[in-house]
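1. I would like the atomic coordinates for the input below:
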Amino acid sequence: MEEDPEPAPGPAVDTAAGTKAKKSTAKAAPKEQYAAPKKARTYVVKKGDTLQKIYQKFYGTTRNWNKIFQANRKVLKDKDLLIEGQRLVIP
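-> As a prediction, the model looks like this:
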C-alpha cells in the first residue's frame, strides 16, 4: 500500500513586529432590534359575522379566533353574541 504524500506547505506568514492590524470602519450593529409597534386595527361587526369569520378575514385561518375575544373582553361578554356595529380591536 502506498502512503498518502504529505501536503505541500502553505504560504509563508509574515510575523514581523512592524505590521499593524487594519481598523474596521464598519459600525457595530445594535445587539437587539425591536419591531415598530403595530397600529391597532379595528373592525366593525356586520350582520352574520362570527369571531371565526372575522379572524379568517385577517389571518386566513379560524384557528386562533379566541385572540380577538380576549382582546375585546371589555366589549364582549359572550363569544357568541356579536352586535352589528360593534367595534372590535384586531390584535
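2. now do the top helix by length along the chain: which elements does it pack against?
-> Counting residues, the longest helix found in the chain (DSSP state H) is helix 51-59. Applying 3 or more CB pairs under 8 Å, 6 or more residues apart in numbering; DSSP states H and E, we find helix 51-59 packed against strand 41-44, helix 66-71, strand 87-90. Where you see a C-beta, it was placed from the backbone N, CA and C, and this is true even at glycine.
3. give me the low-pLDDT residue ranges for this structure?
-> Applying pLDDT under 70 to the chain picks out residues 1-38.
4. sorry, back to before: let's have the helices and strands packed on helix 51-59 in JSON lines, adding mean neighbour count and distance to residue 79.
-> Shown next, in JSON lines, are the helices and strands packed on helix 51-59 (neighbours: other CB atoms under 10 Å; distance: least, CB to CB, whole Å):
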{"stretch": "strand 41-44", "mean neighbour count": "12", "distance to residue 79": "15"}
{"stretch": "helix 66-71", "mean neighbour count": "15", "distance to residue 79": "5"}
{"stretch": "strand 87-90", "mean neighbour count": "15", "distance to residue 79": "12"}
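5. what about those, which gets the closest to residue 81?
-> Nearest to residue 81, of all the helices and strands packed on helix 51-59, is helix 66-71, at 11.0 Å by CB to CB.
6. got the CA positions of that closest one in PDB?
-> What follows is helix 66-71 as a C-alpha-only set of coordinates in PDB (Å, rounded to 0.1, in the frame of the first residue of the first chain):
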ATOM      1  CA  ASN A  66     -60.100  33.400  20.700                       C
ATOM      2  CA  LYS A  67     -57.400  36.000  20.500                       C
ATOM      3  CA  ILE A  68     -60.000  38.500  19.200                       C
ATOM      4  CA  PHE A  69     -62.300  37.600  22.000                       C
ATOM      5  CA  GLN A  70     -59.500  38.000  24.600                       C
ATOM      6  CA  ALA A  71     -58.500  41.400  23.200                       C
END
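7. contacts for that helix, please.
-> The contact list for helix 66-71, computed with CB atoms under 8 Å, 6 or more residues apart in numbering, reads 51, 54, 55, 76, 79, 88, 89, 90, 91.
8. for residue 45, state which of those is nearest.
-> Taking CB to CB as the measure, residue 45 lies nearest residue 88 of the contacts of helix 66-71, at 6.4 Å.
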